[in-house]
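Student: let's see this in three dimensions:
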Amino acid sequence: MKILIINGPNLNMLGRREPDIYGSGTYAELCEYIMANTKDIDSTLEFYQSNHEGAIIDKIHQAELDSETCGIVINPGAYTHYSYAIADALKCLTKPAIEVHISDINSREEFRKNSVTGVNCKEIISGHGWNGYVEAVKKI
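Tutor: Got it, this is the predicted structure:
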């Protein structure tokens, strides 16, 4: 079985974008960290990052139709707060999805406190840094 890890806009800029909030590690290092800390699971991991809303929706749809995919971990980035289209794609899933945020969205700017996408996920993990992804993968 496979777990799909989707990362949305600007996560490809980890290490450069607001390191005081997101840390100094790169996106490639994040992926390596997740793989290194989930070796004990029976699923393989597939990583996907896009800055484009439609591409993320297409990937969610593909995961739903893929018999190998057993669940999704998603960090929609800024789309978390306003993408009803991604929320609708997640609502179509018959497989579990867990939303992850590196920072604690509830302790940041007011607009970040609302997750329109997370309501269609099994759980939201926020503010656990990179380990939030590991927690989510182990819960799928």
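
Student: enumerate the positions of the lowest-mean-pLDDT helix or strand in the chain that are buried.
Tutor: Of all helical and strand segments in the chain, the minimum by mean pLDDT, DSSP states H and E falls on helix 19-22, at a mean of 90. Across helix 19-22, burial judged by 16 or more other C-beta atoms under 10 Å covers residue 22. Yep, even glycine has a C-beta here, placed from its N, CA and C like the rest.

Student: tell me what the lengthiest helix in the chain is packed against?
Tutor: Longest helix in the chain by number of residues, with DSSP state H as the criterion: helix 53-65. If contacts are counted by 3 or more C-beta pairs under 8 Å, 6 or more residues apart in numbering; DSSP states H and E, helix 53-65 sits against strand 2-7, strand 69-75, helix 84-91.

Student: the shortest one pairs with which strands, parallel or anti?
Tutor: When pairing is defined by DSSP bridges, strand 2-7 lines up against strand 44-49 (parallel), strand 69-75 (parallel).

Student: redo these as JSON lines? Include distance to residue 126.
Tutor: JSON lines is the format used below for the strands paired with strand 2-7 (distance: least, C-beta to C-beta, whole Å):
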{"stretch": "strand 44-49", "distance to residue 126": "19"}
{"stretch": "strand 69-75", "distance to residue 126": "10"}
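
Student: just say which of those is most tucked in.
Tutor: Comparing the strands paired with strand 2-7 by mean neighbour count (mean count of other C-beta atoms under 10 Å), strand 69-75 ranks first with a mean of 23.

Student: what does stretch 100-117 contact?
Tutor: Stretch 100-117 has contacts (C-beta atoms under 8 Å, 6 or more residues apart in numbering) with 21-23, 73-76, 79-84, 86-87, 90, 99, 124-127, 129-130, 132-133, 136.

Student: buried residues in stretch 52-65?
Tutor: Result for stretch 52-65 [16+ other C-beta under 10 Å]: buried residues 53, 56-57, 59-60, 63-64.

Student: swap in stretch 112-124?
Tutor: Using 16+ other C-beta under 10 Å as the test for burial, stretch 112-124 gives 112, 115-118, 120-122, 124.

Student: all set, thanks.
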